[in-house]
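Enquirer: predicted model and sequence below, questions to follow.
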Amino acid sequence: MNMATVTAKEQLKENVLAQNAEAAAPAAGGSGTIEIRDLHKVYRTRKSSFEALRDIQLTIGSNEFLTILGPSGCGKSTLLRMVAGLDEPSSGMLALDGEEIVGPGAERGMVFQGYTLFPWLTVRENIEYGLKLQGVPTLARRAISNYWIKIIRLESFDKSYPKQLSGGMKQRVAIARALANRPKVLLMDEPFGALDAQTKLEMQEMLLDVWQKEKTTVLFITHDIDEAIFLSQRIVVMGAGPGRILKQFEVNLPAERSPEVREHKEFVALRRELADLLKHD
Ligand SMILES: Nc1ncnc2c1ncn2[C@@H]1O[C@H](COP(=O)(O)OP(=O)(O)OP(=O)(O)O)[C@@H](O)[C@H]1O
Ligand SMILES: [Mg+2]
């Protein structure tokens with residue numbers, strides 16, 4: 001068999017796999033719009049109660065990249081956990097595409113800090129996990145995991161276990177695993193908080209790239225001002241005591257964000273304004 005035949009055959013296999021991936025991946029469908037109305041959260045113990053969130057009103061549009069920025073303890077994770085359906089509001093309402101959120105669902109993918117990968121599964125198995133649960137057939141699963149392994153550039157690590165990966169690699173797998181299910185909404189709670197500065201920048205660029213391709217709605221949490229500006233279309237600043245929304249900012253920067261955008265005068269001005277707001281809260 002000559003080289004040309006091998007390449008043609010491989011190309012054909014790639015094409016078949018790619019078609020399978022398209023066919024197998026449930027279409028993102030719907031719009032991925034999140035509505036939060038009159039939301040209050042009070043944590044009660046036997047002796048005391050703590051008001052974690054007060055009067056939250058927020059709509060996150062379809063395919064929007066919205067970041068919540070705020071100091072430690074202002075209720076960011078509490079809010080995200082309720083959108084994820086992992087926690088219940090004390091009063092008020094959360095809805096996804098008009099349907100009230102009452103628990104977790106496959107249309108909401110989650111990536112939290114601390115790499116929640118299954119240690120007993122390989123990179124590929126971790127990425128395929130949700131698809132397997134949904135009953136997606138083996139060949140189609142393989143096609144989808146191939147697609148994601150390529151995007152996160154871990155082609156030579158598909159059979160590795162999480163303990164053999166660096167922090168950034170693990171976090172890339174966690175993102176791929178969440179996105180392999182084609183969620184309408186991606187919920188991220190300080191996903192890059194534990195990474196070194198360089199890896200963090202690479203991950204931010206990868207995330208923007210994926211967001212542009214997948215057209216997912218992203219709700220991202222951070223307390224890193226530069227990260228918030230670089231990634232988002234809109235930034236919601238929260239304050240503590242009780243957790244509430246202080247102010248919202250549209251990020252008027254080009255949709256294509258290159259690293260140089262950090263020197264853009266709009267970027268610099270917004271950085272200063274956000275830093276001031278957080279300092280005075
Ligand atoms: N299960 C709980 N029971 C009681 N209080 C809680 C509970 N979870 C969170 N809290 C309190 O609610 C407040 C908000 O917590 P939350 O984890 O949402 O903050 P955060 O903004 O995510 O902070 P960080 O930036 O440090 O992650 C904190 O004061 C915390 O002590
Ligand atoms: Mg938190």
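Expert: Yes, it's here. Residues are numbered from 1 along each chain as shown. Ligands and ions are numbered 1, 2, ... in the order given.
Enquirer: got the domain boundaries for this protein?
Expert: 31-107+188-201+222-281, 117-183 (automatic domain parsing).
Enquirer: check whether residue 219 sits in a helix, strand or coil.
Expert: Classification of residue 219 by DSSP: H, G, I helix; E, B strand; the rest coil places it in strand.
Enquirer: so what pLDDT did it get?
Expert: Residue 219 carries a pLDDT score of 97 in this model.
Enquirer: what's it in contact with, if anything?
Expert: The contact partners of residue 219, by C-beta atoms under 8 Å, 6 or more residues apart in numbering, come to 34, 60, 66, 68, 80, 83, 185, 186, 187, 188. C-beta: built from backbone N, CA, C; applies to glycine.
Enquirer: one more pass at 10 Å, please.
Expert: Residues near residue 219 by C-beta atoms under 10 Å, 6 or more residues apart in numbering: 32, 34, 58, 60, 64-68, 79-80, 83-84, 108, 185-189, 236.
Enquirer: and for residue 74?
Expert: When contacts are counted by C-beta under 10 Å, 6+ apart, residue 74 touches 52-53, 68, 223, 237-246, 278, 281.
Enquirer: now it. Nearest residue, chain neighbours left out?
Expert: Nearest non-adjacent residue to residue 74, counting by C-beta to C-beta, 6 or more residues apart in numbering: residue 240, 4.0 Å away.
Enquirer: if we can go back for a sec, pick out whichever of the contacts of residue 74 sits closest to ligand 1.
Expert: residue 52 (3.8 Å; C-beta to the nearest ligand atom).
Enquirer: how about the strands of this structure, start to end?
Expert: Using DSSP state E, the strands of the chain run over 34-44, 49-60, 65-69, 91-96, 99-100, 108-112, 185-189, 217-222, 234-239, 244-250.
Enquirer: export the last one as PDB, just CAs?
Expert: By that I understand strand 244-250. Taking C-alpha atoms only, strand 244-250 is exported to PDB below (Å, rounded to 0.1, in the frame of the first residue of the first chain):
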ATOM      1  CA  ARG A 244     -26.200  42.000  45.500                       C
ATOM      2  CA  ILE A 245     -25.600  43.400  42.100                       C
ATOM      3  CA  LEU A 246     -23.800  46.800  42.200                       C
ATOM      4  CA  LYS A 247     -23.400  47.700  38.600                       C
ATOM      5  CA  GLN A 248     -23.300  46.300  35.100                       C
ATOM      6  CA  PHE A 249     -20.800  47.100  32.300                       C
ATOM      7  CA  GLU A 250     -21.000  46.500  28.500                       C
END
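Enquirer: if we can go back for a sec, can you flag the buried ones in the contacts of residue 74?
Expert: 52-53, 68, 223, 237-240, 242-246, 278 (16 or more other C-beta atoms under 10 Å).
Enquirer: rebuild those residues as CSV, extending it with distance to ligand 1.
Expert: As requested, these are arranged in CSV below (distance: C-beta to the nearest ligand atom, whole Å):
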residue, distance to ligand 1
52, 4
53, 8
68, 8
223, 6
237, 12
238, 7
239, 10
240, 7
242, 9
243, 6
244, 12
245, 13
246, 13
278, 12
